[in-house]
Each structure stands twice: as C-alpha cells, then as structure tokens.
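1. what follows is a predicted structure for the sequence shown.
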Amino acid sequence: MKTINYPSAHNQSIGYELVKAKEIINEFIYSCSHTMRGPLKSITGLINLLQTEIKSGNESPERYIELILQSVCEMETVLKQLEQSLESSRKNLTIEPLDLEQMVNDVVTEVKKETNFSDIIVNIHVEQNAYFYSDTNCFRLILLNLISNAVNFSDNLKEQKFIDIIINATKRSCSIHINDNGIGISSEAQDKIFQLFYRGSEQSAGSGVGLYVVHEIVKKMGGSISVNSAVQAGSNFFVWIPNLAA
Ligand code: ADP
C-alpha cells in the first residue's frame, strides 16, 4: 500500500517562506549588479579615454582621474549603505531609554554640517511625556535619512523652504512627522520609494538605499512608515514606533 504524505499546513508555510526568501535574494542580487554596473561602465569608459589621451601625448589627464575617483566614491557609498542595512537587519535591537529632543538636535546639526544648508527653516517640536525605550542607532538612522532627504529634495523655487519635525512620545509609542515643502513625490513614485536602489529625482545625490533601510528598520522595530506627498507642494513622512519599555 502506498502512503501519501501530504505536507502539513506548517510545512507548507515554511515552503512558502523559503520561496519568498529566495525571490528576495534573487531580486537583491539583480538590483546590486544592475546598480554597480553603471559606475563600472563609466570607469571603463573613462579609462579608455584616458589611454587615448596619454597615447596622444596629453600631459594633464587629471580631469579623467577625478571623474574615475568620483565613480569609485559612488560605488563605495552604495556598498557602505548596503553594509549598514545588512548590519542593522542582523543585529538584535539594543533597548534603552532615549532622549528624543537631544537626538533630533544632534541629527539636525549633523545634516547641517554635511549639506551646509542655511536657507531652510527647520522647526523642531518634541513632546516626550514618558520614558521612551528603543534602539538608539536604529532611531538615529531613521531620523538621519528622513531629514537628509527633506534637505536634499528641497525646492529652490519656493520663497521660503521649511522642514517641520514633530515628535510625540508616550508610554505606548512614538510618532514622528517629517514634513517639508520640497519638490514632492508623484503618486506613481510613492509606490516605489521604499524599494532598494530606487531614485525618483534628478536631485538625488544618493544611491536609492536610504528609504529601503528606513523601511527595514521600522519593520524590525515593530512600527510602520507612510508617506503623503504632492508634486511641487511637499512631502509628509509619518513613522510610528512602539515604546519597547515592556
Ligand atoms: P536617495 O536619497 O539616495 O535617492 P532614498 O531611498 O532616500 O534614495 O529615496 C528614494 C527616492 O524617494 C529619492 O530618490 C526621491 O525621489 C524620493 N524622496 C525621498 N524623500 C523625499 C522627499 N522628502 N521629497 C521628495 N522626494 C523624496
């Protein structure tokens, strides 16, 4: 007599998870190689030009070397962000009480130093009426990415550019609103901005990894993130994170 072993519901669910994980890994490898190919192609092209210039006796090939270095830096940034993303997904959360006001001020100072902006008004409003427990590095990365984006995608046509950072922490959770009057995001692009390597604007100086990392971290913290935006009007990012005091 032949015995047929039907997969249990549990095994079926493990099978589904494995297929899903394999799909994610494949997609990840495909996106990585696709993204790396851009700078590699331009490095190869520049080296070819450089060789021609040297053969024809050009004594000052510095311009090409500078452009090659620029492409190398681009690749380094992508790799650094990917490492950061893998590290934060592997590491367990370190739960400790956070001083949210201090953290926001530190992050804004850091972004100001990096981007050197002076024409954007940053309004910060933090209300914390309970100890808020979470992971310092993860929380910092969320703020850093969202605030940097609000600066990078500001709209030069606006008479007065602004960024509002509103944080409200209670004994249950923390809500973060980062609102800007920047260039905004079309509704089609809003569906894609959390994908790895997605860049939706010419103004992007990054590699399209930032919001992917934010999304992954927020998920890991048991929270959620959403965006509300209109082209030329601005964007509102909303993050909700549970208080891990318990
Ligand atoms: P990057 O900043 O490297 O381009 P991100 O993953 O941080 O990548 O963001 C993905 C895309 O989402 C950006 O290229 C941009 O098109 C859009 N975006 C993100 N934040 C904003 C914002 N505050 N205003 C307008 N567009 C934004």
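-> Yep, that arrived. Numbering: from 1, shown residues only.

2. what mean pLDDT does the one helix or strand residue 50 maps to get?
-> When secondary structure is defined by DSSP states H and E, residue 50 falls within helix 9-55. Mean pLDDT, computed over helix 9-55, is 83.

3. what's that helix packed up against?
-> helix 62-90 (3 or more CB pairs under 8 Å, 6 or more residues apart in numbering; DSSP states H and E). Placement of C-beta: from N, CA and C, glycine included.

4. in the helix it packs on, what counts as buried?
-> 64, 67-68, 71, 74-75, 78, 81-82, 84-85, 88 (16 or more other CB atoms under 10 Å).

5. the residue of the chain found nearest the ligand: neighbour count?
-> Closest approach between the chain and the ligand, counting by CB to the nearest ligand atom: residue 206, at 2.2 Å. As a burial measure, residue 206 scores 17 neighbours (other CB atoms under 10 Å).

6. which SS class is it?
-> For residue 206, the secondary structure call by DSSP: H, G, I helix; E, B strand; the rest coil comes out as coil.

7. what parts of the chain come near the ligand?
-> Residues of the chain lying close to the ligand (CB under 6 Å from any ligand atom) are 145, 149-150, 153, 180, 182-185, 193, 198-201, 204, 206-212, 235.

8. outside of the strand or helix carrying residue 104, which residues touch it?
-> Counting by DSSP H and E, the element that carries residue 104 is helix 100-115. Helix 100-115 is contacted by residues 117, 122, 124, 126, 128, 132, 136, 139-140, 143-144, 147-148, 151-152, 165, 167, 169, 174 when judged by CB atoms under 8 Å, 6 or more residues apart in numbering.

9. just the buried ones from the residues you listed, in PyMOL syntax?
-> Buried residues within those, by 16+ other CB under 10 Å, are selected in PyMOL with:
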select buried, resi 122+126+132+139+140+143+144+147+148+151+152+165+167+169+174
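
10. ok, now which ones touch the residue nearest the centre of the chain?
-> Nearest to the geometric centre of the chain sits residue 210, at 1.1 Å (CA atoms, centre = their mean). The contact partners of residue 210, taken as CB under 8 Å, 6+ apart, are 81, 145, 148-149.

11. over to residue 167?
-> So residue 167 contacts 100, 104, 125-128, 174-177 (CB under 8 Å, 6+ apart).

12. that older thread, which of the residues of the chain next to the ligand fall within strands?
-> 180, 235 (DSSP state E).

13. from the residues of the chain next to the ligand, which land in helices?
-> Using DSSP state H, the members of these that fall in helices are 145, 149-150, 210-212.

14. just the buried ones from those?
-> Judged by 16+ other CB under 10 Å, buried ones among those: 145, 149-150, 210-212.

15. just give me the neighbour total for residue 214.
-> 24.

16. and it, what does it touch?
-> 141-142, 145-146, 194, 225, 239.

17. sounds good, over and out.
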